[in-house]
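Q: Based on what follows, work out the 3D shape:
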Amino acid sequence: MTAYDMDNIFAKILRGEMPANKVYEDDEVLAFLDIMPRGDGHTLVIPKTPARNLMDIEPDALATLIKGVQHVARGVKQAMGAEGITIQQFNEAAGGQVVFHIHFHIIPRWEGVRMRPPASEMAEPDVLAAHAEKISAVLNAG
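A: Residues are numbered from 1 along each chain as shown. Below is the predicted model of the structure:
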């Protein structure tokens with residue numbers, strides 16, 4: 001198995017070395033917007049524990065991560081007024097993984113609206129900021 005790379009982009013975000021439009025954070029997980037969203041409000045959820053993918057994350061850390069994914073998915077759906085949610089998780093390059101820190105994609109969905117192609121277009125910073133504010137307000141309420 002390939003070793004975890006401490007210099008991957010998500011590790012840098014966790015260390016505060018790279019910016020991110022954060023929408024939720026606790027002691028174990030961080031959620032932030034994808035800069036090349038497949039749909040409005042496309043959010044990524046990552047563990048703070050270094051793990052390359054589903055095959056090497058510790059089971060307890062995975063259980064905590066999936067609880068975070070569920071929490072964030074509920075908030076994203078509500079905040080964005082989505083009719084549904086697509087959740088994706090990829091493992092290794094052949095499986096579609098691009099950043100080698102385990103993460104889940106939460107993509108809000110609406111009937112008749114197709115997802116954009118993966119990694120196709122950078123979102124405008126002001127659009128990301130507006131979506132982050134809307135999602136954060138729901139996730140961090142009460």
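Q: Enumerate the beta-bridge partners assigned to H105.
A: L44, Q88 (DSSP bridges).
Q: Based on its surroundings, how many neighbours for it?
A: For H105, the count of nearby residues is 19 (other Cβ atoms under 10 Å). C-beta: built from backbone N, CA, C; applies to glycine.
Q: what about it, distance to V76?
A: Using Cβ to Cβ, to the nearest Å, one gets 11 Å for the distance from H105 to V76.
Q: list the residues that contact both of these two?
A: Common neighbours of H105 and V76 (criterion: Cβ atoms under 8 Å, 6 or more residues apart in numbering): T43.
Q: residue boundaries of the helices in the chain?
A: 9-14, 59-80, 125-139 (DSSP state H).
Q: can I get these in TSV with mean neighbour count, mean pLDDT and distance to G96?
A: What follows is the helices of the chain, written out as TSV (neighbours: other Cβ atoms under 10 Å; pLDDT from 0 to 100; distance: least, Cβ to Cβ, whole Å):
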stretch	mean neighbour count	mean pLDDT	distance to G96
helix 9-14	18	98	16
helix 59-80	18	98	17
helix 125-139	16	97	23
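Q: nearest to L44, of these?
A: Proximity to L44 (Cβ to Cβ) singles out helix 9-14 among the helices of the chain, at 7.9 Å.
Q: For that closest one, which helices and strands make contact with it?
A: Contacts defined by 3 or more Cβ pairs under 8 Å, 6 or more residues apart in numbering; DSSP states H and E place helix 9-14 against strand 29-33, strand 43-47.
Q: Remind me what the last one packs against, helices and strands.
A: Judged by 3+ Cβ pairs under 8 Å, 6+ apart, strand 43-47 is in contact with helix 9-14, strand 29-33, helix 59-80, strand 104-109.
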